[in-house]
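> Model the following, please.
(chains A and B)
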There are 2 protein chains.
Amino acid sequence: MTDRDDSRPPSRRAFLKGAAVAGSATLAGRPVRADDPAITALQPWMIARGEGVDARPYGLPSPHESHVIKRNIEWLTADAISSVNFTPLAALNGTITPNGLCFERHHAGIAEIDPAAHRLMIHGLVERPLVFTMADILRFPRRDRIHFLECAANSGMEWKGAQMNAVQFTHGMIHNVMYTGVPLRLLLEEAGVRPGAKWVLAEGADAVKMARSIPLEKALDDCLVAFAMNGERLREEQGYPLRLVVPGFEGSMWVKWLRRLELGDRPWHLREEASRYTDLLGDGRARRFTFEMDAKSVITSPAPEAPITHGPGPMVITGLAWSGRGRIARVDVSLDGGVNWHPARLSGPSLDKALHRFHFDFRWNGKPLLLQSRCIDSTGYVQPTKDALRALRGLNSVYHNNGIQTWEVNEAGEVTNVEVG
Amino acid sequence: MTDRDDSRPPSRRAFLKGAAVAGSATLAGRPVRADDPAITALQPWMIARGEGVDARPYGLPSPHESHVIKRNIEWLTADAISSVNFTPLAALNGTITPNGLCFERHHAGIAEIDPAAHRLMIHGLVERPLVFTMADILRFPRRDRIHFLECAANSGMEWKGAQMNAVQFTHGMIHNVMYTGVPLRLLLEEAGVRPGAKWVLAEGADAVKMARSIPLEKALDDCLVAFAMNGERLREEQGYPLRLVVPGFEGSMWVKWLRRLELGDRPWHLREEASRYTDLLGDGRARRFTFEMDAKSVITSPAPEAPITHGPGPMVITGLAWSGRGRIARVDVSLDGGVNWHPARLSGPSLDKALHRFHFDFRWNGKPLLLQSRCIDSTGYVQPTKDALRALRGLNSVYHNNGIQTWEVNEAGEVTNVEVG
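Predicted structure coming up:
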């Protein structure tokens, strides 16, 4: 195999040795006994035929997985219409987020759009103001790209110290899917960019007309006007029938229900890029337009909602890493709150501005742990501690918290969100 | 951008030139008129707030996409329990298949398994017969890999000539997801492979105990015992809680509801690898164990169920290509039934034994077309014509039809499955 995307797993010798050191030779499977009811029992599904191929034209998860859902926090916002819910990271694997579990952030609820009536207009500093139907959009050359989308406010509650006791709530404002769409550059060139144009306003068709100013340079680089995610058309809550994809940039710029692109010579300084999505610094000044999402990682299991239930011995520590500036070059894991670091194993394709999955195959001795992960991206940037961020940014921030997260594990395997710098 | 995964799209100049030659300057968007009701109309979603973030804990597609579903063919099998349904390829984009739309093939219906009661046993020619719970499996090192799964019978009805007038039915027994699982090698090594072991029997927990013989060499190479697909746990119809992933090999070997792995010194020659999944040749002899899925491609749009509705001018021809022996190196598209070939553009990550998406950006002159695609894989193998396959294999075959597919397009843009060698 020359094309394996990551290193070979540890050998059996190493794995068994780990089990033996932990005091048990059977941690990774039990010897077969002919009278073991767990293997001799005739379960219902073994003796009766199940549903046929006509039963589930659009499939759903097993009822045993009904706890794996997006969740919101009722006290966080005044209502559920202008609010957020969170991806259940602790229960997920790999790097692709299933469409049904992608977190949502709306400012006026979910727009339910008839695609036949939807239009995208391009105007402002262009040669030819144009309006496109969905059928028009589908005639342009397409791209297919996997990218993460992270809300700028992800981990925002943690600026104050450890607040939320679930990785779903500390880090769940992120998802990662394959988008299919038309390069924004092609649509802008079709309208003809006029000299002097430097910014693009992207506006949604929802009731609040959510809008953001985007530098023209980025619009002409790698942005997509996307109509599909993970193969199928966008979900309504993700902007059906059109959303802007702004790789590596904060989520609110990925305007959903995209209806209007206006070219201008300066940013618009609208409400959602002034009173929101602006970084208030320690000295009371505000930092505008922090577009890129800096490199960040988090251990998704174990986590407060995914404790260690099997006792000491071999186990997997796993998590996610990402960078708005490129790929992830390396992830390290600490078991002692950042004193010592051990290289984790990256698994799956490594793609630009996309989630990366890391695993750390580890033998737990049953003693307390202070788990951390720290990533380095392809630019050499190292994920900072929360205290290092606070020293630069003060304590007034909400957005762009990419600091190192700490999970404390006690001897019972329970996991708590704690503050270790 | 140094990390773009495919070439830059055609320039605006080239795209507009195409439009102009076709007799219209506004094919790719209409000039904005201030009185155009399509852009001045206040749609319901623009003036009322929508559902909040608590409304859709597990999201589903827009009602406007309700036609995008798996479909079965009632006359194809005696009942829907031992049957197949098909992925709606014409409506999909990119390369990731959403879990809800992955085609299904069962031999005794969908097993609905309680994961707490499920066990995986490894026995036969091993040092230590072992039984694993799901919790045990989750303690082993994991891999995350994107692979296609194609049923050996995909396109099987087409051996007789053009039969099915929909790409969903000619090529829809395929899907492509990211799996997370434990390398089968690690589990086998944990049990200890005894000298003389050469084959592994993989058996499911469904009522028919679907089982296949797998060469030990493959089992020790890149097979996974998978518990997740596209991030979430397997769907029931895809083998929840455990399925075997056998990259590049025919789909029936990817045993679902995996409950038993037996090591032996020869294949088992069970019903589902003798009376089925064996290739009957022209001279009446049978070819056993055709494991690898050879390189294949198909245009998914336009297709019989996705006609050209916009008339002449710029458009996208798009499709999928894959190989059980590696990556796809190249896809060509023909507009004239294979007389002339034009290179298509590969889009998205190129991964081993995974679907590849191709696009051909093209200006239709409104005249009839005979559309074909032909792929070359990383071993240099060229997808054959159907007639070339028939010359080698005769007319009795059902399985492993990877021949070139032809769609005839008439002047109205309607698409028909036709036979052109």
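> Near chain B, which residues of the stretch 201-350 of chain A? Just list them.
Applying Cβ under 8 Å from any Cβ of the partner chain, one finds that the stretch 201-350 of chain A approaches chain B through A:205-209, A:221-222, A:227-228, A:230-237, A:240-241, A:257, A:309-310, A:313-316, A:318, A:326-327, A:345, A:347-349. For glycine as for every other residue, the C-beta is placed from the backbone atoms N, C-alpha and C.
> So residue A:126 versus residue A:200, what's the distance?
Per Cβ to Cβ, to the nearest Å, residue A:126 is found 10 Å from residue A:200.
> Where does the prediction get shaky in the stretch 1-150 of chain A?
In the predicted model, the stretch 1-150 of chain A carries pLDDT under 70 at residues A:1-28.
> For the closest residue to residue A:330 other than its chain neighbours, pull up the helix or strand it's in.
Counting by Cβ to Cβ, 6 or more residues apart in numbering or on different chains, residue A:330 lies nearest to residue A:376, which is 4.6 Å off, once chain neighbours are set aside. Of the helices and strands defined by DSSP states H and E, residue A:376 is found in strand A:369-377.
> where in the stretch 251-400 of chain A is pLDDT low?
By pLDDT under 70, the stretch 251-400 of chain A has no low-scoring segment.
> what ranges do the helices span in it?
With DSSP state H, counting those that start in this stretch as the criterion, the stretch 251-400 of chain A has helices at A:386-393.
> I'd say residue A:295 and residue A:375 touch.
Yes. In this structure, residue A:295 is within contact of residue A:375 by Cβ atoms under 8 Å, at 5.3 Å.
> in stretch A:308-326, what's buried?
Going by neighbour count (16 or more other Cβ atoms under 10 Å in any protein chain shown), the buried part of stretch A:308-326 is A:308, A:312-326.
> nearest residue to residue A:396 other than its sequence neighbours?
Nearest to residue A:396 is residue A:280, by Cβ to Cβ, 6+ apart, at 4.2 Å.
> what do you get for residue A:350?
residue A:327 (5.2 Å).
> What ranges does the stretch 1-150 of chain A have for its helices?
Along the stretch 1-150 of chain A, counting by DSSP H, counting those that start in this stretch, helices occupy A:12-21, A:37-40, A:44-47, A:134-137.
> In this structure residue A:92 contacts residue A:300, no?
Yes. With contact defined as Cβ under 8 Å, residue A:92 reaches residue A:300; the gap is 7.0 Å.
> ok, residue A:126 and residue A:200, which is more surrounded?
Set residue A:126 next to residue A:200 and count neighbours by other Cβ atoms under 10 Å in any protein chain shown: residue A:200 wins out with 27 against 20.
> next one: phi and psi at the more buried one?
phi -120, psi 130 (degrees, to the nearest 10).
> which stretches of the stretch 301-421 of chain A form strands?
A:313-322, A:328-334, A:342-343, A:345-347, A:356-364, A:369-377, A:406-409, A:415-418 (DSSP state E, counting those that start in this stretch).
> typo on my end, the stretch 101-250 of chain A
A:105-106, A:120-124, A:130-132, A:143-150, A:174-183, A:199-204, A:211-215, A:224-229, A:232-233, A:243-245.
> Reformat the ones you listed as JSON lines; add distance to residue B:44.
Shown next, in JSON lines, are the strands of the stretch 101-250 of chain A (distance: least, Cβ to Cβ, whole Å):
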{"stretch": "strand A:105-106", "distance to residue B:44": "16"}
{"stretch": "strand A:120-124", "distance to residue B:44": "18"}
{"stretch": "strand A:130-132", "distance to residue B:44": "20"}
{"stretch": "strand A:143-150", "distance to residue B:44": "27"}
{"stretch": "strand A:174-183", "distance to residue B:44": "25"}
{"stretch": "strand A:199-204", "distance to residue B:44": "15"}
{"stretch": "strand A:211-215", "distance to residue B:44": "20"}
{"stretch": "strand A:224-229", "distance to residue B:44": "21"}
{"stretch": "strand A:232-233", "distance to residue B:44": "20"}
{"stretch": "strand A:243-245", "distance to residue B:44": "19"}
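> Any chance you could list residues touching both of residue A:126 and residue A:200?
Common neighbours of residue A:126 and residue A:200, using Cβ atoms under 8 Å, 6 or more residues apart in numbering or on different chains, are A:188, A:263.
> So residue A:160 sits against residue A:397, correct?
No. In this structure, residue A:160 is not within contact of residue A:397 by Cβ under 8 Å, at 9.7 Å.
> For those two, indicate the residue with more neighbours.
Higher neighbour count among residue A:160 and residue A:397: residue A:397, with 20 against 11, using other Cβ under 10 Å.
> From residue A:172, how far off is that one?
The gap separating residue A:397 from residue A:172 is 19 Å, by Cβ to Cβ.
> Just list the residues touching the closest residue in space to residue A:400 that isn't next to it in sequence, thanks.
Distances taken as Cβ to Cβ, 6+ apart place residue A:290 nearest to residue A:400, at 5.5 Å, with adjacent residues excluded. Contact analysis of residue A:290 by Cβ under 8 Å, 6+ apart lists A:152, A:250, A:278, A:279, A:399, A:400.
> Closest one of those to chain B?
Chain B lies nearest to residue A:152 out of the contacts of residue A:290, by Cβ to the nearest Cβ, at 16.8 Å.
> In this structure that closest one contacts residue A:254, no?
No. Residue A:152 is beyond contact range of residue A:254, at 11.0 Å (criterion: Cβ under 8 Å).
> Looking only at neighbour counts, state which of these two leads.
Neighbour comparison, residue A:152 and residue A:254: the larger count goes to residue A:254, with 27 against 24 (by other Cβ under 10 Å).
> Now that that one has come up, it's in contact with residue A:247, right?
No. Residue A:254 is beyond contact range of residue A:247, at 9.2 Å (criterion: Cβ under 8 Å).
> can you list the domains in chain A?
Per automatic domain parsing, the structural domains of chain A span A:83-287, A:296-418.
> Spit out the contact partners of the residue lying closest to residue A:303 once chain neighbours are set aside.
Leaving aside its sequence neighbours, residue A:303 sits nearest to residue A:167 (Cβ to Cβ, 6+ apart; 4.0 Å). Neighbouring residues of residue A:167 by Cβ under 8 Å, 6+ apart: A:89, A:90, A:298, A:299, A:300, A:303, A:304, A:305, A:306, A:405.
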